[in-house]
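1. Return a 3D structure for these sequence lines:
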Amino acid sequence: MTPLEALVEIEAIKQLKARYIRFGDARQWGEFAATLTEDVTFLIDAAPRASPDHNAVIEMQGRDDFIAAMEVLLQGVKAVHQASLPEITITSLTTAKGVWWMHDWVQLPSCNFKGWGHYHQEYVKVDGAWKIQRSHTTRLRVEEEWL
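-> All right, here's what the predicted structure looks like:
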């Protein structure tokens with residue numbers, strides 16, 4: 001792969017991540033699903049939670065199960081996610097890794113949540129399109145304002 005070809009692939013991954021953020025926050029689940037592989041794995045170290053008693057760690061596998069869970073968990077929730085400063089490495093013609101700085105604000109009925117950290121992701125090219133295959137969200141700081 002030439003340096004120019006690598007830049008084209010990196011830009012395609014940036015566009016993928018932009019769609020992932022936009023469709024997730026807008027709850028456009030069909031479009032959101034198109035950004036993920038069927039066997040996607042999610043690990044979130046410090047997720048927003050409905051009460052201080054709930055576990056803040058979420059670990060899930062499978063696109064359909066993850067989206068079904070998000071549809072239920074995000075009922076009545078407002079969320080805004082930001083991702084920037086990507087560090088993307090093309091590891092083969094069909095695989096890549098990336099780390100993104102992230103900030104999110106999630107308004108639940110019981111809590112206002114703010115988080116700062118990183119998305120660590122792995123990508124795979126399927127039928128000519130990049131998709132997220134693994135996503136690990138780490139947070140360096142969390143603020144929870146219980147209502």
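2. out of all of them, which helix in this structure is the longest?
-> helix 3-26 (DSSP state H).
3. Quick one: residues contacting Leu43.
-> Each residue near Leu43 by C-beta atoms under 8 Å, 6 or more residues apart in numbering is listed here: 57-59, 135-137. Where you see a C-beta, it was placed from the backbone N, CA and C, and this is true even at glycine.
4. does it belong to a helix or a strand, and which?
-> Take DSSP states H and E as the rule and Leu43 turns out to sit in strand 36-44.
5. so Phe66 touches Val40, yeah?
-> Yes. Counting by C-beta atoms under 8 Å, Val40 is a contact partner of Phe66 at 6.7 Å.
6. returning to what we had before: next, the residues that contact the longest helix of the chain from outside, please.
-> For helix 3-26, the external contacting residues (C-beta under 8 Å, 6+ apart) are 1, 28-29, 31-32, 34-36, 70, 79-83, 86, 88, 90, 96, 98, 100, 119, 121, 123, 129-132.
7. Give me the buried subset of those residues.
-> Among the contacts of helix 3-26, the ones that count as buried by 16 or more other C-beta atoms under 10 Å are 32, 35-36, 70, 79, 81, 83, 88, 90, 96, 98, 100, 119, 121, 123, 130-132.
8. Go through the contacts of Leu43 and name the one nearest Gln75.
-> Gln75 lies nearest to Ile58 out of the contacts of Leu43, by C-beta to C-beta, at 16.3 Å.
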